[in-house]
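>>> Fold the stuff below for me.
(one chain, ligands or ions: 1)
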Amino acid sequence: MKKSLERIFLGIVLFASAILGYNYYSEYRFEENFDKRYLPPLHKKEQEILRNMQRSFGYTVRFPIVITEKIPGRIYGFATFNKKGHVVIYLNKRVFKESFDYILDDVLAHEYAHALLLSRGYINDAEGGHTPLWQRTCKALGGLHCERYVDRDDVVSRKLRKILGE
Ligand SMILES: [Zn+2]
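Below is the predicted model of the structure:
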């Protein structure tokens, strides 16, 4: 009797972890040759951002993250609407190797702040979306450097969207 209960319990645990594992990866999209070892630390940082979001705003919204090598040049990432009208965060796969710490410490919160504002209807292309509201959001999400005057990213997101075919 005890043994079979144990087995049932183990079955439930395995089933639950399979589902969790699936959810965990299904929120990310990446090309075939992407090194999946980047995913756990990325996921951990995202969880931190989501906890900050809950604490600061009282809710959490998770955005799909697409890691792609189709982003040209030195752009680390950007957030935009995809064809279906969902807000998606894109990260540049080609800078992962040399700039992974930077992506974790700066880029993810930076883009999450853009994504959150876009999803709440704050669409302001002036200054590349780096408004005072964006800056406060970025800091609230735990971004270490939320400078408004950056030359590195998503000002050109409309053009990028075309390149990506999204
Ligand atoms: Zn930006």
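>>> Number of residues surrounding Leu116?
A count of nearby residues for Leu116, using other Cβ atoms under 10 Å, gives 24. Where C-beta positions appear, they are placed from N, C-alpha and C, glycine not excepted.
>>> Gly11 now?
Per other Cβ under 10 Å, the neighbour tally for Gly11 reads 10.
>>> Now it: which helix or strand?
Here Gly11 sits within helix 2-26, counting by DSSP states H and E.
>>> Just want the phi and psi numbers for Phe78.
Backbone torsions of Phe78, given as degrees, to the nearest 10, read phi -160, psi 160.
>>> burial measure for Lys83, as a count.
Per other Cβ under 10 Å, the neighbour tally for Lys83 reads 9.
>>> Going by neighbour count, which residues in the following helix or strand past the helix holding Gly11 are buried?
Once helix 2-26 ends, the next helix or strand along the chain (criterion: DSSP H and E) is strand 28-30. Burial within strand 28-30, assessed by neighbour count using 16 or more other Cβ atoms under 10 Å, is assigned to Tyr28, Phe30.
>>> who does strand 28-30 pair up with?
Next to strand 28-30 in the sheet, as set by DSSP bridges, lie strand 65-68 (parallel).
>>> residues touching Lys45, list them.
The neighbours of Lys45, taking Cβ atoms under 8 Å, 6 or more residues apart in numbering as the test, are Leu104, Leu108.
>>> For the helix holding Gly11, what does the pLDDT average out to?
Summarised as a single mean, pLDDT over helix 2-26 is 65.
>>> Enumerate every residue touching the residue nearest the centre of the chain.
For the chain, the residue nearest the mean C-alpha position is Ile65 (4.6 Å; Cα atoms, centre = their mean). Contacts here follow Cβ under 8 Å, 6+ apart; on that basis Ile65 touches Glu27, Tyr28, Arg29, Leu42, Glu46, Val88, Ile89, Tyr90, Leu91.
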